[in-house]
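next one to model:
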Amino acid sequence: MEVRRRDQRADRLSPTASGVETGRAIVIEPWLKKPPPRGGSRSPADARTPEARLEEAVGLARAIDLTVVESGLVTLSEIRPATYIGKGKVDEIAGLAKSVSASIVVMDCPLSPVQQRNLEKAWNTKVIDRTGLILEIFGRRARTREGALQVELAHLTYQKSRLVRSWTHLERQRGGFGFLGGPGETQIEADRRVIEERIARIEVELDKVKRTRKLHRDSRKRVPYPIVALVGYTNAGKSTLFNRMTAARVLSADMLFATLDPTLRAIELPHGARVIMSDTVGFISELPTMLVAAFRATLEEVIEADVILHVRDISHDDSEAQLRDVEKVLSELDIAATDGRVIEIWNKLDRLDGAGRERVLNLAARQTSVRRPIPVSALTGEGIDRVVDAIEARLSESRLTLEVSIDPADGAGLSWLYRHSEVLVKDMRDDGRLAVTVRADPDNAARVRARFNS
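Numbering: from 1, shown residues only. As a prediction, the model looks like this:
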């Protein structure tokens, strides 16, 4: 194994959820050597360097307060059905785990239940694969009832296939008939039924939560408040940007999946329009399938959004690969990269040196006006005014401008206009009537015309 020693100061300075050490861990990045498909390109996951994937895996481990004592790459020519990696590497890591007193080994890959059990026996440690690690993070970060239910559903779905792991204390029990029964089979089947019943109950509760969220969205549609959703790879700076623009206090930290639950805040744009900003869960490469399904409700705010801010960490070495990962998830939500609602935000300018900053600014300036990204630093506030202007401009493209004439004494009518449209200008005409210029989406514009015969 090619060992890469971590900077211990980075471990001490990295933000944690609870401040309590979970355990001493070794992080392994298995790297399968294979040529790209003939006539095609590698997948987004393969486009990353093994070093970058290892760095991300270490960040995931730190996110649950693991102390990473060693990390390294293991290059594979093929995947072994029993242990994923070869016997020589298994023995080498067993010795390493013993020498550094590691109690946990993180394998940044999907492991089958059999592979996980065999590795735990060989290393005498707990073994966590990528799916289990991400589920653990989500379980710690979820705060709302919906988030907790979604995490539990994903965890139970994952755990249901792993009930064969170690039921040695049940060897006296035998299920089935004759020699067909195996040790602990009756207890395993009972536990599987309990899990399936709990999954059924959670799905019913989630349906109720989804209906409630739909009612909230429907009520917002009756009020002319456009939705601005933030999306992006985890740790791209979405929550920092959200806090900067809304003066909110959502947790923002330099760690993966600092926030999971969607947060909504109303803000006023310079010309008086009110919009609702939504901070969503961060994306990540190779997100477990059960979590993509479980968190689809969380991303429904993105589907309904009038403007989508795609926040990218432009200082990251794998920014392009992260871009492809986010676009892949958006495409699953039927949102194309060329969708007119999407505005790219190139965040973390403050992390670039002079040459890097100049290169990014020139690259952004060379893009077409429709797809031109906005370089910003959410931490310092640089470029935020350009983001606000871009939101206003994008919203105005889909809205109609109307001029309405009303009686100055018609306070109810003027109040109705403020509730159902964006009032731009009010002027008193020579004939004593009030000329009001408003902007509204097509549906509300039709209602304005119908009420005021404009």
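
and residue 103, what does it touch?
Going by C-beta atoms under 8 Å, 6 or more residues apart in numbering, residue 103 touches 23, 24, 25, 125, 126. (Glycine included, C-beta is placed from N, CA and C.)

so the third one is in which element?
In other words, residue 25. strand 23-32 (DSSP states H and E).

list the buried ones in that strand?
By neighbour count on 16 or more other C-beta atoms under 10 Å, the buried set for strand 23-32 is 24, 25, 26, 27, 28, 29, 30, 31.

now the two most distant members of those residues.
Spatial extent of the buried residues of strand 23-32 (C-beta to C-beta) is set by the pair 24 and 31 at 23.5 Å.

can you give me the domain assignment for this structure?
2-138, 142-207, 224-397, 400-452 (automatic domain parsing).

save the ones you listed as a markdown table, and put in mean pLDDT and distance to residue 213 too.
Shown next, in a markdown table, are the domains of the chain (pLDDT from 0 to 100; distance: least, C-beta to C-beta, whole Å):
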| stretch | mean pLDDT | distance to residue 213 |
| --- | --- | --- |
| domain 2-138 | 80 | 19 |
| domain 142-207 | 67 | 7 |
| domain 224-397 | 82 | 7 |
| domain 400-452 | 86 | 21 |
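
for residue 214, find the nearest of those domains.
Closest among those, using C-beta to C-beta: domain 224-397, at 8.2 Å.

could you pull out the strands in the stretch 51-200 of the chain for me?
Using DSSP state E, counting those that start in this stretch, the strands of the stretch 51-200 of the chain run over 66-76, 104-107, 126-129.

contact partners of the last one?
In other words, strand 126-129. 23, 103-111, 116, 119-120, 136.

centroid residue for this protein?
The structure's the chain has its C-alpha centroid closest to residue 282; by C-alpha atoms, centre = their mean the separation is 1.9 Å.

give me the phi and psi for it.
Note on residue 282: its backbone torsions stand at phi -70, psi 150 [degrees, to the nearest 10].

distance of the closest residue to it other than its chain neighbours relative to residue 283?
In space, and not counting its chain neighbours, residue 282 is closest to residue 234: 3.1 Å by C-beta to C-beta, 6 or more residues apart in numbering. Residue 234 sits 7 Å away from residue 283 when distances are taken as C-beta to C-beta, to the nearest Å.

name the helices or strands packed onto the longest helix along the chain?
Under DSSP state H, the helix in the chain containing the largest number of residues is helix 185-221. Applying 3 or more C-beta pairs under 8 Å, 6 or more residues apart in numbering; DSSP states H and E, we find helix 185-221 packed against helix 145-160, helix 300-303.

switch the cut-off to 7 Å
helix 145-160 (3 or more C-beta pairs under 7 Å, 6 or more residues apart in numbering; DSSP states H and E).

extract the CA atoms of the helix it packs on and return them as CSV.
Extracted in CSV, the C-alpha atoms of helix 145-160 (Å, rounded to 0.1, in the frame of the first residue of the first chain):
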residue,chain,number,x,y,z
ARG,A,145,-38.0,15.3,11.0
GLU,A,146,-38.0,14.8,7.3
GLY,A,147,-34.2,14.6,7.1
ALA,A,148,-34.1,12.1,10.0
LEU,A,149,-36.8,9.9,8.4
GLN,A,150,-35.0,9.9,5.1
VAL,A,151,-31.7,8.9,6.7
GLU,A,152,-33.3,6.1,8.7
LEU,A,153,-35.0,4.8,5.6
ALA,A,154,-31.7,4.7,3.7
HIS,A,155,-29.9,3.2,6.6
LEU,A,156,-32.5,0.4,7.1
THR,A,157,-32.4,-0.3,3.3
TYR,A,158,-28.6,-0.7,3.5
GLN,A,159,-28.6,-2.7,6.7
LYS,A,160,-31.3,-5.2,5.6
